[in-house]
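Colleague: What follows is a predicted structure for the sequence shown.
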Amino acid sequence: MTVTEKTPAFGKTEPAPPRKRNRHGLVPRLLRQPGTVAGMGVLLLVVLIAVAAPLLAPHDPAAHNYDAVLQGPGVEHWLGTDDLGRDTLSRLLYGARVALLVSVGAVGIAMLIGVPIGLLLGYRGGWTDRLGSRLLDVSDALPGIMVGFTVIAILGRGLLSLMLAVGLIFCMSFARLTRAVTLAERERQYVESAQVAGLRTPEILFRHVLPNLTGPLAVQAAGFLGHAVVIESVLSFLGLGLESDTASWGAMLSLAAEQQAEQPFLPFPPGIAIVITVLAFNVISDGINDALMGGGRTSVSRRFRGTLKAAAAASADGTTAGQDRTGSTVGAGDSSDDSDAVLAVRHVTVALDGPDGPVPLVKDAGLTLRDGEVLGLLGESGSGKSILSRSVLGLLPRGIHMTEGSVRLGGEEIAGLGEKEMRRHRGSGISVVLQDPMTALSPVHTVGRQLCEPLRLHFGLSKEQARARAVELLTRVGVRDAEGRLDDYPHQFSGGMAQRVAIAMALAAGPKVLIADEATSALDVTTQSQVLDLLLELRDEFNMSIIMITHDLGVVAETCDRVAVMYAGQIVEVGEVSDVLHRPRHPYTAALMASSPSGEVTGGRLATIPGQVPPAGSWPVGCHFADRCSFAEDGCREHPVHLAENVRCTRADDLVLEVTKP
Amino acid sequence: MGKLIAYRLVLALPQLALVSLLVFFLTYLVPGSPAAAILGAGATPESLAQVESDLGLDQPFAERLVEWFGAALTGDLGLSYSNSLPVSDLIAERLPATLSLVGGGLVFAGVFGILLGVLAALRPGPLDRAINGVTSLGLAIPEFWFGLILSLVFAVQLGWVPVVAYTPLAEDPAAWFTGMILPSIALGAPAAAMVARQTRGAMAKSLRAPYIDSLTAVGVPRTRVVVRYALKNAMIPVLASTGLTLRILIGASFVVETVFAVPGMGELLLHSVIGKDFPVVQGAVLVVAVLVIGVNLVLDVGYGLLDPKVRSQ
């Protein structure tokens, strides 16, 4: 029984005001939620019971029967009787009337008072708002039930004072919600109306505020209706509700409490009635909220819902993981000799668990990283380059697995290793620097503490030794006054400096392989080249190899020795950077270069790449790029295309794709 | 840090002043005169006038306001209409039981709620769905009814704990503890459901955060990453809403105590509401408001200690 206010997920915020477009199709969306439909069904039943109570009740709810007091459930009295012999079932049915009447009345009163206050504060703004908001804050200082007590102390008992008592508890929350929505709309309108002269703000404001308000208000009202049922029962239970012979669930519970030693069944019927009614209101409230937000409870797999739907369609076409591997003779992906490979990735397929079987996200990928080499992994977002790198690290999100393939780190197989064995390699064998340094470091721990983790774990250093080494590392990556900054938090660093800290942490245990996953994409251009230079220096100093994951051709051109180009889960071309960028052999590589400001393809037909990357699960049987390729023939679409001589294109030998620099 | 405390104080003081003002105005909202309420139906005009002047009700508004505030600041909340005892004494007598109950409820809600929330976030699938079902139910169950059922099962039927069980802490700590178990569970259950939902959301979010990957990628064991890093990050939003949880617990404790016959402020409040004993109602509202505002102040500062971003502002 949370009697004060409807509590959204994080306690402090009111239901978020949605944008107008979200309202579209609210009712159909609600009807698609089985929980909400069930809640509405239950509620409808309660309403029907309340309306038809006189017809349904087998006995007069107020009739005393001293021959049958405190009976348990039986034939004559299905749910037994109370200490005056009154029929529990009949009182329960009539009790629904009080519960619904009071809760609807209370929420109505709360909205009548709260919404205009909120509109006024939000519309007027300025001092009115500041003062009014302070007044609303008073409600933060008092439990709602105390407000109810006070109202009843002043007005006495009765239906109206009961409604008022409950209504006044809620009105502040309605006022706040309304104020928030109005203010947000006002801010928006202020900006827009500055451009559209002649339209008066109040007009636009009310035309926009009211539609935006209905959704959140409905969410809050539904939740409060449930709370009101509980508060009514609390007040009736305490003897502050209606007269004691009026049948209400709370009053029934009050009797039940007195008689619990004599008739233990008494508290169950009214209690369960309250729980079911409140549950129905809560489910409906959550349902409206979800429908407005356009989503349900967040869970990892939900993020891939779109993919899963596509997967169902794809499996109908007969495209499943591995099916097109037949005849894949060349080490799919990078076919370089792996005798001097630090890291050798072979035939890696990564798939998402879908309801209709696995959905491949990366198919049959291979990479070879030689000692001291910087290998670029180039591709658009969604090409699978990050998933591939995560599968190498063993850090795939929940629900995504490497279904086949081999990853050899310094000759040792690490694919499929358990958490514990993998831990030996993480940090010292292979490590990662992520894109956004601000989220890649825990915001509530000092950088020193985070930096010391790998040092203490891998080298068993004492706290002091680890700190000393951390200072050396930070100094090396270019953090000034490293000792003094060890106890600072990530938000006290600039983006570039924080990324240097993240690099120091990744290098702390001396990895052989560093995966830089868009490590400079979030930084501004000057910082970006500094950090890239730093990475290249560190490669020599730490004697490591780097996989540079990026969507930026410039980064590849500046820093990489070789490059692997990924498209829709496949590696489409591999080679020395100078060769690939000079003479791309795959139309996608060429198209990518043409769409990048640094290069251009002769013929002019590929200046932009038409169409979109097909999402995982809806990849075509043949060449994944065929639908966007200007050179595609019918043959490209018929059979899976394999990587041959480092390019995955059936026409590789016919095409001459030349890129000229202006 | 000092600035943070000062800033919170600046916010809290007007709130407190406003609450006091509203509490003072209550006297004017009451229909009929308090003197009539005290003396009952058989009062003569003379005796009414006498009582009014005794209570200072015939004084001008401003004078009464100043006097009331002055008295309240020194802890003098007036005398009860019904038994002429000092309101502050009546409240002081009841406060320990209320605080015991609210404290017990908060501990239960915190421990159980965080545990359930973390479990749900760590184990998506059947366990998460089961916990979601339990918390949905928890949010819909009225505390006092849950208390009735608990007392029926564990005290009346099974006899594991005494039915009427309150023993002051100072008298017998062990008996106090036993007596507090059922009331704390009843009071804390819905709050636990609330905390569990907040924790689940916050924990799921922090488990998806990139720093989890950065730490795991350098070889930090999973348990350590979850407990040391994910949990600490997740606790920030949860702690931020403790003030709200506490306010809900205090309100609900007034009802739960009547189920378990805990002699707290609820009973006092109930009697004074029925008997229109306004000084007691006013006093109780004021004391609870001071309590809530004070605890929120402490929590806000504590929140600052946990979240370095807030601290350095």
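Modeller: Yep, that arrived.
Colleague: all contacts plus neighbour counts: C-alpha atoms, from now on.
Modeller: OK.
Colleague: quick one: pLDDT of residue A:2?
Modeller: With respect to pLDDT, residue A:2 has a value of 39.
Colleague: go on, residue A:288?
Modeller: 91.
Colleague: Likewise for residue A:645?
Modeller: So residue A:645 comes in at 84 (pLDDT).
Colleague: Stretch A:25-36 and chain B in contact?
Modeller: No: Stretch A:25-36 stays clear of chain B (CA under 8 Å from any CA of the partner chain), getting no nearer than 11.7 Å.
Colleague: That stretch - what's its average pLDDT?
Modeller: 84.
Colleague: Let's see that stretch as PDB, backbone CA atoms only.
Modeller: The C-alpha trace of stretch A:25-36 is given here as PDB (Å, rounded to 0.1, in the frame of the first residue of the first chain):
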ATOM      1  CA  GLY A  25      -3.000   4.200 -32.000                       C
ATOM      2  CA  LEU A  26      -2.900   4.000 -28.200                       C
ATOM      3  CA  VAL A  27      -6.000   1.900 -27.800                       C
ATOM      4  CA  PRO A  28      -5.000  -0.700 -30.400                       C
ATOM      5  CA  ARG A  29      -1.600  -0.900 -28.700                       C
ATOM      6  CA  LEU A  30      -3.300  -1.300 -25.300                       C
ATOM      7  CA  LEU A  31      -5.500  -4.100 -26.700                       C
ATOM      8  CA  ARG A  32      -2.400  -5.900 -27.800                       C
ATOM      9  CA  GLN A  33      -1.100  -6.200 -24.200                       C
ATOM     10  CA  PRO A  34      -2.600  -9.300 -22.700                       C
ATOM     11  CA  GLY A  35      -2.000  -8.100 -19.100                       C
ATOM     12  CA  THR A  36      -3.800  -4.800 -19.700                       C
END
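Colleague: which residues are contacting that stretch?
Modeller: Residues from elsewhere that reach stretch A:25-36 (CA atoms under 8 Å, 6 or more residues apart in numbering or on different chains): A:37, A:283, A:284, A:287, A:288, A:291, A:292.
Colleague: Ranking helices and strands of chain A by mean pLDDT, which lands last?
Modeller: Every helix and strand of chain A was ranked by mean pLDDT, DSSP states H and E. The lowest is helix A:305-316, at a mean of 38.
Colleague: What score does whichever residue of the stretch 101-250 of chain B sits closest to chain A have for pLDDT?
Modeller: Going by CA to the nearest CA, chain A is nearest to residue B:218 of the stretch 101-250 of chain B, at 3.6 Å. Per-residue pLDDT puts residue B:218 at 94.
Colleague: Likewise for residue A:67?
Modeller: 84.
Colleague: what's the closest non-adjacent residue to the residue most central in space within chain B?
Modeller: Residue closest to the average C-alpha location in chain B (CA atoms, centre = their mean): residue B:250, at 2.6 Å. Excluding the flanking residues, the one nearest residue B:250 by CA to CA, 6 or more residues apart in numbering or on different chains is residue B:102, at 6.0 Å.
Colleague: From residue B:178, how far off is residue B:163?
Modeller: In this view, residue B:163 and residue B:178 are 11 Å apart by CA to CA, to the nearest Å.
Colleague: which residues does the residue nearest to the residue of the stretch 101-250 of chain B closest to chain A when sequence neighbours are not counted contact?
Modeller: Nearest residue to residue B:218, sequence neighbours excluded (CA to CA, 6+ apart): residue A:427, at 3.6 Å. Each residue near residue A:427 by CA under 8 Å, 6+ apart is listed here: A:454, A:506, A:507, A:508, A:509, A:510, A:511, B:217, B:218, B:219.
Colleague: Just to be sure, which of those are found in helices?
Modeller: A:454, A:506, A:507, B:217 (DSSP state H).
Colleague: Could I get those in TSV, plus columns for neighbour count?
Modeller: Converted to TSV, the ones in helices among the contacts of residue A:427 look like this (neighbours: other CA atoms under 10 Å in any protein chain shown):
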residue	neighbour count
A:454	28
A:506	28
A:507	29
B:217	27
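Colleague: Just give me the closest of those residues to residue A:118.
Modeller: residue B:217 (49.4 Å; CA to CA).
Colleague: What parts of the stretch 451-600 of chain A come near chain B?
Modeller: When proximity is defined by CA under 8 Å from any CA, the stretch 451-600 of chain A lies next to chain B at A:453, A:454, A:457, A:458, A:489, A:491, A:505, A:506, A:509.
Colleague: helix, strand or coil for residue A:382?
Modeller: coil (DSSP: H, G, I helix; E, B strand; the rest coil).
Colleague: and it, how many neighbours does it have?
Modeller: The tally of other residues near residue A:382 (other CA atoms under 10 Å in any protein chain shown) stands at 17.
Colleague: do the same with the one 10 residues further on
Modeller: Burial of residue A:392, expressed as a neighbour count using other CA under 10 Å, amounts to 24.
Colleague: so it sits right up against residue A:415, yeah?
Modeller: Yes: between residue A:392 and residue A:415 there is a contact under CA atoms under 8 Å: 7.3 Å.
Colleague: joint contacts of these two?
Modeller: Shared contacts of residue A:392 and residue A:415, counting by CA under 8 Å, 6+ apart, come down to residue A:407.
Colleague: Show me which pair in the residues of the stretch 451-600 of chain A next to chain B is furthest apart.
Modeller: A:458 and A:491 (26.9 Å).
Colleague: Secondary structure for the contacts of stretch A:25-36 - can I get that in a markdown table?
Modeller: Below are those laid out as a markdown table (three-state DSSP):
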| residue | secondary structure |
| --- | --- |
| A:37 | helix |
| A:283 | helix |
| A:284 | helix |
| A:287 | helix |
| A:288 | helix |
| A:291 | helix |
| A:292 | helix |
